[in-house]
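Novice: What would the 3D arrangement of this be:
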Amino acid sequence: MKPLGTFLYSALTIALLGGCSFIPDYHRPDNWKSGVFKEDGPWRLVHPADAQSRGDWWTYFNDDTLNQMEKELNSDNFVIQEALERYDQATAFLTQQDAQLYPQINFMGDVTTNRQSAHRLYRNGNQANVNGDTIGGIGFVYEIDFWGAIRSAIASAEASAQASKADIESARLSLEALLASDYVKLRGLDSEIGLLEVTVKDYEHELELMQQRHDVGITSGLDVARSKALLEETRAQVAKTIGARALYEHSIAVLLGREPSTFTMKADTNWIYHAQYAAIPKVIPSEVLQRRPDIAAAERNIVAANDQVGVARTAFFPTISLMALAGFENNGYGALASAPNSFWSLGPLAFYNIFDAGLRQAVVDQATSKTRQQTDKYRQTVLVAFREVEDSLSQINNLGIDDEHQKLAVESARRTFDLANRRYIEGASNYLDVIDAEAIRLHTEREEIYVRTALNQSVVDLVRSIGGSW
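Specialist: Here you go, the predicted structure:
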């Protein structure tokens, strides 16, 4: 058989045999025991999946300002941009691994001039002192993936790229939820500031009346002092609450990729009282696994680590390559591309490490341990997901009940204040009763704002915990 025919026959035979794989069988670790959550409520069943779009869930609040800011977040936030760059790196690495499946073809060229010493040992006196050498040719190298090392590396890189893509969605969802949460808290503080400012005006008017009553001898100086103290304390609460609002405004500015000094949000003191959101779904653990991008990333990291075990195992077998080289060589600078100047070389090449003092086995053990580590991380991520969903459902359930009771408490506190104030004006009670009633009224009204803020924030937490919209 001619040499070229032998080469092609060897290449075809090795390529056909190159179908081995040493990747361990993979089974996703399932560590949930039940198909329902402990918390119950007026939910509706949904069937989400990881590939689905997580949707513009923030539109549930029916707030144009929030809708616009969420759009800006997805285009201008630097954390999301960083995650996108990591994904680009992962896909580029996948392309690098994939390129190893194909032969490498290279051009080589060399033009040299050499002068020999006249006193060189065994030098023929008839040889020229100066010699030239010109070489030009093409080299071909192809590593046969006989044991599946390259394919295992590609599979690992592909899983890593998928995990990186899931990391983008995880970062996006977390930041969307953080923005919505900060927005809800800011609107809650708007309502609290509005309540306190109205209360300050009431206290100012009350102090003015108290001073007039004191001037005509109806009220004691002690009552005036108490009224003034109540007013100043409430003014201090206004300043404190405005300061807290500024922090959330700064946080929102950074999330939107803006400088805090150039960002301002108009107050809306009534938002928290009529904020709306869609009916909450009832989800089961398997659906949570499909929806949450962090769980998807953790699961694909197991796959990537498991594939690396296959790569490590192939090191126990020889590396087999096919090589070919052809070109022209001339010992001068004359015509190079002529038949007498041609040369070629071809054939298989095998390399096998006979002794490595346990190095290859250590690499396999390391890859196997990393697979177990990623499995444990996945299971922990799943458990945290279940806890977060349970927490959110529990908060929504109990805060809903709390909100109903708080409404009744506010109504009762307002009636109590009206009665106490009337009795004081009529002389049937002292000013301490009015102060106590005012304090209770303000406390219950602020508590109502806290509960409504927490309820809306729990809705955001639920969205994040189930992986997006429902």
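Novice: Can you name the element that comes right after the one helix or strand residue 304 maps to?
Specialist: Element membership of residue 304 [criterion: DSSP states H and E] is helix 293-313. On the C-terminal side of helix 293-313, the nearest following helix or strand under DSSP H and E is strand 319-330.
Novice: Quickly run through the sheet partners of that next one, with directions.
Specialist: Sheet pairing here is set by DSSP bridges, and for strand 319-330 it gives strand 130-144 (antiparallel), strand 342-351 (antiparallel).
Novice: which of those sits most buried?
Specialist: The highest mean neighbour count among the strands paired with strand 319-330 belongs to strand 130-144 (a mean of 15), with neighbours defined as mean count of other C-beta atoms under 10 Å. The C-beta positions use only the backbone N, C-alpha and C, and glycine is treated the same way.
Novice: Looking at that strand now, give me its mean pLDDT.
Specialist: Strand 130-144 shows an average pLDDT of 84 in the prediction.
Novice: Can you name the element that comes right after that strand?
Specialist: Sequence-wise, the next helix or strand beyond strand 130-144 is helix 149-215, with elements assigned using DSSP H and E.
Novice: ok, now which ones touch the residue positioned nearest the centre of the chain?
Specialist: The centre of the chain sits closest to residue 171, judged by C-alpha atoms, centre = their mean, with a distance of 2.5 Å. With contact set as C-beta atoms under 8 Å, 6 or more residues apart in numbering, residue 171 has these partners: 79-80, 83.
Novice: in terms of contact, does residue 462 touch residue 393 like I think?
Specialist: Yes: Residue 462 lies in contact with residue 393 (C-beta atoms under 8 Å); the separation is 6.8 Å.
Novice: Identify the residue nearest the residue nearest to the centre of the chain in space, chain neighbours excluded?
Specialist: Across the structure, with C-beta to C-beta, 6 or more residues apart in numbering as the measure, the residue nearest residue 171 apart from its sequence neighbours is residue 83 (4.4 Å).
Novice: now that neighbour: how far from residue 187?
Specialist: Using C-beta to C-beta, to the nearest Å, one obtains 28 Å as the distance from residue 83 to residue 187.
Novice: wait, is residue 272 part of a helix?
Specialist: Yes: assignment of residue 272 by DSSP: H, G, I helix; E, B strand; the rest coil places it within a helix.
Novice: Go ahead and confirm it touches residue 453.
Specialist: Yes: assessed by C-beta under 8 Å, residue 272 is found in contact with residue 453 at 6.0 Å.
Novice: Flag every buried residue along stretch 363-372.
Specialist: Buried positions in stretch 363-372, judged by neighbour count with 16 or more other C-beta atoms under 10 Å: 363-364, 367-368, 370-371.
Novice: contacting residues around that stretch?
Specialist: By C-beta under 8 Å, 6+ apart, the list of residues contacting stretch 363-372 from outside reads 24, 302, 305-306, 308-309, 311-313, 315.
Novice: Mind doing that once more with 10 Å?
Specialist: Outside stretch 363-372, the residues within contact range by C-beta atoms under 10 Å, 6 or more residues apart in numbering are 22, 24, 26, 156, 301-316, 356, 358.
Novice: are any of those buried, and which?
Specialist: If we count by 16+ other C-beta under 10 Å, the contacts of stretch 363-372 have these buried: 22, 156, 301-315.
Novice: what bits of the stretch 351-470 of the chain have low per-residue confidence?
Specialist: For the stretch 351-470 of the chain, the stretches with pLDDT under 70 are 470.
Novice: out of residue 83 and residue 187, which sits in the busier spot?
Specialist: With neighbours defined as other C-beta atoms under 10 Å, residue 83 and residue 187 compare such that residue 187 has more, 29 against 20.
Novice: May I ask you to confirm that that one is in contact with residue 267?
Specialist: Yes: contact criterion C-beta atoms under 10 Å: residue 187 and residue 267 qualify, at 8.7 Å.
Novice: Check the contact lists of these two and give me the overlap.
Specialist: A shared contact of residue 187 and residue 267, defined by C-beta under 10 Å, 6+ apart, is any residue touching both; here these are residue 245.
Novice: any idea how far residue 151 lies from residue 439?
Specialist: Relative to residue 439, residue 151 is positioned 73 Å away (criterion: C-beta to C-beta).
Novice: higher neighbour count, those two?
Specialist: Set side by side, residue 151 and residue 439 show more neighbours around residue 151, with 23 against 14, by other C-beta under 10 Å.
Novice: Without its sequence neighbours, what residue ends up closest to the more buried one?
Specialist: If you skip the residues right next to it in sequence, residue 151 has residue 145 as its closest partner in space, 5.7 Å away by C-beta to C-beta, 6+ apart.
Novice: try residue 421
Specialist: Excluding the flanking residues, the one nearest residue 421 by C-beta to C-beta, 6+ apart is residue 434, at 5.5 Å.
Novice: and that neighbour, that one's in a helix?
Specialist: Yes: counting by three-state DSSP, residue 434 is part of a helix.
Novice: give me phi/psi at residue 56?
Specialist: Listed backbone geometry of residue 56 is phi -90, psi 70, with angles given as degrees, to the nearest 10.
Novice: ok, it to residue 373 distance?
Specialist: For residue 56, the distance to residue 373 equals 36 Å [C-beta to C-beta].
Novice: So in the chain, where's the weakest helix or strand by average pLDDT?
Specialist: Ranked by mean pLDDT, DSSP states H and E, the helix or strand of the chain with the weakest confidence is strand 44-45, at a mean of 38.
Novice: Could you list the low-pLDDT ranges of this protein?
Specialist: 1-22, 25-54, 118-128, 278-289, 332-334, 470.
Novice: can you rerun that using 80?
Specialist: Screening the chain residue by residue with the criterion pLDDT under 80, one finds the ranges 1-55, 113-133, 146, 276-291, 331-340, 468-470.
Novice: Kindly list the main-chain dihedrals of residue 355?
Specialist: Main-chain dihedrals, residue 355, degrees, to the nearest 10: phi -140, psi 130.
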